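Visitor: how does the following fold in three dimensions:
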Amino acid sequence: MPTPALDYERFAADADSSAVQSVKGWTWPNERRFNTWFTRHAFEGSGDVVDLGCMSGSSTIALADGLSRNARAQGRKVHAYDQFIKSWDAIPGEPLEQVPTGSDFYDVFLANTAPWREWIVPHRERISDDTAWTGGEIELLVVDLMKSFPTTGTVVTCFYAALAAGRSHVVHQDFIFYGTPWIHLLHHRLRHRFDPVFEIPDSCSYVFRLADRPTADELEAAVDFSGITPDEIEAAFDYCQGLVTKNSAAPLKAAKAMAYYHAAQLYRHRKAAPLGFQGWMERARAALAAIDESLRPHRDYVRAAKEIAQATLQAMEEGIRRPMGRPTRRNDRGAPGG
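Guide: Okay, here's the model as predicted:
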């Protein structure tokens, strides 16, 4: 007998847990509500839960709280991954404002998650090519860690391979966000394998369900970003923008501009590329210019415009100081997670 379709909208009717909502984190209230509802009511217990980029634990707590109330979840855990090192500059009012940049915050995570300890397995590590998922099926994968092309590749080859067709869900906490266009390129490439099932309102998250398991070769090809073309970017964002109807359109439109910006960085020192550096950046600026005036006050549009302007100025300065094509050292520090 087929499993009945989930009514994802029901998450909003679930009673809030004050303990879950009171923990200071980077997640939106509706993201926590959805995580708790899913692991409490929709989770079948066929696999584990993996939380990638758990930061101070707000997403982990929500997931664990739901598991603790689900009789089908006996023996299942939330596997929470983070390096637990603050890699970003302090932001006023942020959850780890008092933790100096470069410092360890594992004790904060442990203190926040203490009431749910029996449901959580912390993994204190940097996700890299050496990371290996040694568990079985992953029924729910919550991703707030895809902050670069390389990390996206690692997450897909390591964790997507453990998803089960028809059962496993992926929650992308950065889908409705300007700064992670590789997520949109990835899920456009895998659109025949994943069903887009729910846009969490008043959040940055989108939920996908694995319909048909891709082969290892398909996953490897999906994260080979060496051949990105302008046509692929246009197609990917036509697809992804069509999925977002509950939240502002600005983040996805800004993400399209950032896709051109990151393609420019990816191809910057290659002679054979679909467009030269200037050509990619012209596409990025054109994508920004095409955004409706009404959406331009949105913070994602403002951030994208600033980053693209800074990259353009930097390239001009580098062109004066040294011949173009000579590599420069870049610091890929990423961004905070859940």
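Visitor: enumerate every residue touching Ala12.
Guide: Contacts for Ala12 (Cβ atoms under 8 Å, 6 or more residues apart in numbering) come out as 30, 33, 201. Any C-beta I mention is one placed from the backbone N, CA and C, and that applies to glycine too.
Visitor: 7 Å instead?
Guide: Arg33 (Cβ atoms under 7 Å, 6 or more residues apart in numbering).
Visitor: am I right that it is in a helix?
Guide: Yes. Read with DSSP: H, G, I helix; E, B strand; the rest coil, Ala12 is one of the residues of a helix.
Visitor: from one end of stretch 68-79 to the other, what's the distance?
Guide: 14 Å (Cα to Cα, to the nearest Å).
Visitor: quick one: contacts of it?
Guide: 39-40, 43-45, 48-51, 60, 63-64, 67, 116, 119-121, 123.
Visitor: make sure Pro122 is indeed in a strand.
Guide: Yes. According to three-state DSSP, Pro122 belongs to a strand.
Visitor: in helices, which of the contacts of stretch 68-79 appear?
Guide: Among those, DSSP state H puts 60, 63-64, 67 in helices.
Visitor: for those, could you give me JSON lines that also reports distance to Lys77, neighbour count and pLDDT?
Guide: Below are the ones in helices among the contacts of stretch 68-79 laid out as JSON lines (distance: Cβ to Cβ, whole Å; neighbours: other Cβ atoms under 10 Å; pLDDT from 0 to 100):
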{"residue": "Thr60", "distance to Lys77": "11", "neighbour count": "31", "pLDDT": "97"}
{"residue": "Leu63", "distance to Lys77": "10", "neighbour count": "33", "pLDDT": "97"}
{"residue": "Ala64", "distance to Lys77": "8", "neighbour count": "28", "pLDDT": "97"}
{"residue": "Leu67", "distance to Lys77": "8", "neighbour count": "27", "pLDDT": "96"}
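Visitor: which of those residues lies closest to Gln314?
Guide: Of all those, Gln314 sits closest to Thr60, with 37.2 Å by Cβ to Cβ.
Visitor: look up how far Pro230 lies from that closest one.
Guide: 39 Å (Cβ to Cβ, to the nearest Å).
Visitor: related to what we said a few turns ago, any of the contacts of stretch 68-79 buried? List them.
Guide: Buried residues within the contacts of stretch 68-79, counting neighbours by 16 or more other Cβ atoms under 10 Å: 39-40, 43, 48-51, 60, 63-64, 67, 116, 119-120, 123.
Visitor: which residue, neighbours along the chain excluded, lies closest to Gln173?
Guide: Of all residues not flanking Gln173 in the chain, Asp144 sits nearest, at 4.1 Å (Cβ to Cβ, 6 or more residues apart in numbering).
Visitor: what do you get for Gly47?
Guide: That would be Glu137: by Cβ to Cβ, 6+ apart, it lies 3.2 Å from Gly47.
Visitor: how about Ala315?
Guide: Counting by Cβ to Cβ, 6+ apart, the residue nearest Ala315 is Phe277, at 6.4 Å.
Visitor: ok, that neighbour - contacts?
Guide: 264, 268, 315.
Visitor: next SSE downstream of the host helix or strand of Tyr260?
Guide: If you go by DSSP states H and E, Tyr260 is part of helix 250-266. For helix 250-266, the following helix or strand on the C-terminal side (DSSP H and E) is helix 277-289.
Visitor: how about the contacts of Phe277 in CSV, adding pLDDT and distance to Ser226?
Guide: Listed next are these as CSV, based on pLDDT from 0 to 100; distance: Cβ to Cβ, whole Å:
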residue, pLDDT, distance to Ser226
Ala264, 91, 14
Arg268, 76, 13
Ala315, 78, 21
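Visitor: can you give me the helices in the stretch 51-200 of the chain?
Guide: For the stretch 51-200 of the chain, the helices defined by DSSP state H, counting those that start in this stretch occupy 58-68, 106-113, 149-159, 181-189.
Visitor: starting at the chain centroid, how far to the first one?
Guide: The offset between the C-alpha centroid of helix 58-68 and the centroid of the whole chain comes to 18 Å, using Cα atoms, centre = their mean, to the nearest Å.
Visitor: likewise stretch 107-115?
Guide: With Cα atoms, centre = their mean, you get 23 Å for stretch 107-115.
Visitor: so for that stretch, what's the average pLDDT?
Guide: The average of the pLDDT scores along stretch 107-115 is 95.
Visitor: contacts for it, please.
Guide: The contact list for stretch 107-115 (Cβ under 7 Å, 6+ apart) reads 19, 23, 54, 56-57, 60-61, 84, 96, 120, 122.
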